[in-house]
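Visitor: I'd like to go over a predicted model; first the sequence, then the structure.
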Amino acid sequence: MRNLAFGYSTRCNIKCDHCVAVEGGAFQTMEFARAQELIGHLSEANVKGISFTAGEPFIYLNEINKLVSLCKQHGMYSRVVTNCLWAKTKEFSDQLVTELKNSGLSQLRLSYSRWHQKNVDRNNVLLAASSCQDVGLDYFISFVTDFTALDDPFEEFLREHQLKFFPEPIIHAGRANSFSNSELLTDYQTNCCPMNPYLAPDLTMYACCDAGAHFTKTNFFRLGNLEDTSIDQLFSLSETSRLFNVIRHSGITAIASFAGYKAREIVRYKKCQLCKKLFDSPDQLAYLQRPDILDRLSKWVR
Ligand code: SF4
Ligand code: SF4
C-alpha cells in the first residue's frame, strides 16, 4: 500500500535539539495551489495514506485543514504530526481539534520528548490528547527517546495520565548528529523498514521518511523531483529498487551481516545509524548495488 509523508513546510515554531527535519535558519514551504493539486495526483497514483509532517503543520492550519479535507474527498487516510505548542488551553485545543476532525482528519500524532518539552509544556500534550478523546479523533503520542533513564519521568507522565503512546528511537541525523550514542542492550533485531517516501516542500521525493534526506555523500534515498518525474514513476523507482526491497524484507541487520559486520558490532548501532554506515559510503554502496552482489544478497540468510 502506498503511503507518503507530506512535507508542506519545514518551518517550525520551536527549536528542538534533536530535530531531524529542520536545519539552519532557512525554511521551505510548498506553494499551496501546488499542494492542493498534488493531493489529487497522489490519489490517482493510488496513495492511500498521507502524513502531514516536516516542520510544524499547525503554523499553516488553514491550509492543512483544506489539504486534509481534500484527502477525505479522495478517500485517503490522513494524519497530522504536531508539537502541541498551540494546545495552551482546553477551549482552544478543543476548537482546533474539532476543526481538524470536521475536515476529515483520521489521526493526530502528538510529538513528545525531553527535547520537545524544553519548548512546550507537557500539559499541552495532555490537553491535545484530551481534546482528541472528547472530540472523538484518533491520536497517539510519539514518545521520542534515547532509552536512557533521563526519559523515565517523561514516560511516567504518560503512564500516569493513561495516554496512548509509542516509543520511537531518536534518529542520529540533523541536529542530533552530534549526540553521543547511548549503548543499546538488545538482542539481534531484523531492522526491516516499510520505507514510506517523504515529499519535501521543494518537491524532491526521498524513499525514506526518516533520515533519508541526510545521506549526503551518496543521496541514496533521493528518488527524484516531481518537477520532472511523475509521482507514479517515483513510487515505482522505490518499489522496484532491489536494494530497497532487501531493506524492506530482510532488514538492515541482514545487509550489515552480509557486508561483513560482526554480530557484536551490529548490536551497537541503532537502525538508522547502521543504515547510514552501510549506504552513505560511496564505495560500500557501489559494491552493494552490483548486480552479482545483489543476487547473493537477496539469497543471504543469516
Ligand atoms: S517540533 Fe519537530 S520540526 Fe519542530 S524543531 Fe521540534 S522536532 Fe523539529
Ligand atoms: S534504517 Fe534507513 S531505511 Fe530505515 S528508517 Fe532509518 S534511514 Fe530509513
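Guide: Alright, I've got the coordinates. Ligands and ions are numbered 1, 2, ... in the order given.
Visitor: for the stretch 51-200 of the chain, what spans make up the strands?
Guide: 77-82, 107-112, 138-145, 165-169, 198-199 (DSSP state E, counting those that start in this stretch).
Visitor: do you know which of those strands lies nearest ligand 1?
Guide: With Cβ to the nearest ligand atom, the closest approach to ligand 1 among the strands of the stretch 51-200 of the chain belongs to strand 107-112: 5.8 Å. C-beta coordinates here come from the backbone N, C-alpha and C atoms, glycine included.
Visitor: report all helices and strands that the closest one contacts.
Guide: Applying 3 or more Cβ pairs under 8 Å, 6 or more residues apart in numbering; DSSP states H and E, we find strand 107-112 packed against strand 77-82, helix 122-135, strand 138-145.
Visitor: of all the strands of the stretch 51-200 of the chain, which one comes closest to K277?
Guide: strand 165-169 (15.7 Å; Cβ to Cβ).
Visitor: quick revisit: for A176, find the nearest of the strands of the stretch 51-200 of the chain.
Guide: Using Cβ to Cβ, those put strand 138-145 closest to A176, at 9.6 Å.
Visitor: can I get the CA coordinates of the closest one in CSV?
Guide: Taking C-alpha atoms only, strand 138-145 is exported to CSV below (Å, rounded to 0.1, in the frame of the first residue of the first chain):
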residue,chain,number,x,y,z
ASP,A,138,-7.9,9.1,17.0
TYR,A,139,-4.5,10.1,18.4
PHE,A,140,-1.3,8.7,19.6
ILE,A,141,1.8,10.2,21.2
SER,A,142,5.1,9.7,19.6
PHE,A,143,7.5,9.4,22.5
VAL,A,144,10.9,10.1,21.1
THR,A,145,13.6,8.6,23.4
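Visitor: report the mean confidence score over that strand.
Guide: Strand 138-145 shows a mean pLDDT of 96.
Visitor: just confirm yes or no for it near ligand 2.
Guide: No: counting by Cβ under 6 Å from any ligand atom, ligand 2 has no neighbours in strand 138-145; the shortest distance is 13.8 Å.
Visitor: what lies in contact with that strand?
Guide: Here strand 138-145 makes contact (Cβ atoms under 8 Å, 6 or more residues apart in numbering) with 18, 81, 106-113, 115-116, 125, 128-129, 132-133, 151, 154-155, 158, 163-170.
Visitor: can you count the residues close to N46?
Guide: Neighbourhood size, N46 [other Cβ atoms under 10 Å]: 11.
Visitor: measure it to G75 for me?
Guide: Distance, N46 to G75, by Cβ to Cβ, to the nearest Å: 11 Å.
Visitor: again with T145
Guide: 35 Å.
Visitor: compare those two (neighbour count), which wins?
Guide: T145 (20 against 9).
Visitor: among the helices and strands packed on strand 107-112, which comes closest to R175?
Guide: strand 138-145 (12.5 Å).
Visitor: which residues are in contact with A35?
Guide: Counted by Cβ under 8 Å, 6+ apart, A35 has contacts F6, Y8, E63, L67.
Visitor: the last one reaches S51, doesn't it?
Guide: No: taking Cβ atoms under 8 Å as the contact criterion, L67 and S51 are not neighbours in contact, 11.6 Å apart.
Visitor: show me which of those two is the more surrounded one.
Guide: L67 (25 against 22).
Visitor: relative to S257, how far out is that one?
Guide: 42 Å.
Visitor: same check, this time on C193
Guide: Distance from C193 to S257, by Cβ to Cβ: 16 Å.
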